[in-house]
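*Asks:* Okay, predicted coordinates and the sequence, questions at the end:
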Amino acid sequence: MEQFNEEQIKHILNQYAKKRNREKNYYHDNNKNNESFQMKNRERAKKHYENNKEKKKEKYENNKDFLKARQLYYYYKKNDKLDTFKEKYEDKCEILRLKGIKF
């Protein structure tokens with residue numbers, strides 16, 4: 001593996017930042033309001049949605065318990081009632097702990 005010194009790392013990061021800015025400006029100046037680009041992009045998005053609809057559904061089904069527990073956790077956290085959440089929903093707390101959420 002090749003090692004880079006500080007100057008080379010700064011140069012690489014600077015080049016990357018310039019490239020991202022160029023791409024962003026190109027999109028906003030040329031493609032954003034371009035009718036043909038918008039139509040192609042919509043078609044691509046629809047095709048992607050149709051091709052991956054089952055995958056999304058399967059992923060949701062696999063994580064349904066976690067997603068519901070996390071949403072409930074955020075609700076209680078927003079209202080400063082985490083103690084109530086821990087007492088009421090010990091099973092959901094365990095699911096969250098297994099996924100790495102600490103409270």
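*Replies:* That came through fine. Predicted, not measured: the structure shown is a model, and the values here were computed from it.
*Asks:* quick one: buried residues of stretch 42-62?
*Replies:* Using 16 or more other C-beta atoms under 10 Å as the test for burial, stretch 42-62 gives no buried residues. (C-beta placed from N, C-alpha, C; glycine too.)
*Asks:* quick one: contacts of it?
*Replies:* L67 (C-beta atoms under 8 Å, 6 or more residues apart in numbering).
*Asks:* Which helix or strand lies directly C-terminal to the lengthiest helix in the chain?
*Replies:* With secondary structure taken from DSSP state H, the chain has its longest helix at helix 35-78. Note on helix 35-78: by DSSP states H and E, the next helix or strand toward the C-terminus is helix 82-88.
*Asks:* List of residues touching that next one?
*Replies:* With contact meaning C-beta under 8 Å, 6+ apart, helix 82-88 is reached by 72-73, 76-77, 92-93, 103.
*Asks:* Out of those, who's the most crowded?
*Replies:* Neighbour count (other C-beta atoms under 10 Å) singles out Y73 as the most crowded of the contacts of helix 82-88, with 20 neighbours.
*Asks:* Counting neighbours, what do you get for K18?
*Replies:* Counted with other C-beta under 10 Å, K18 comes out at 10.
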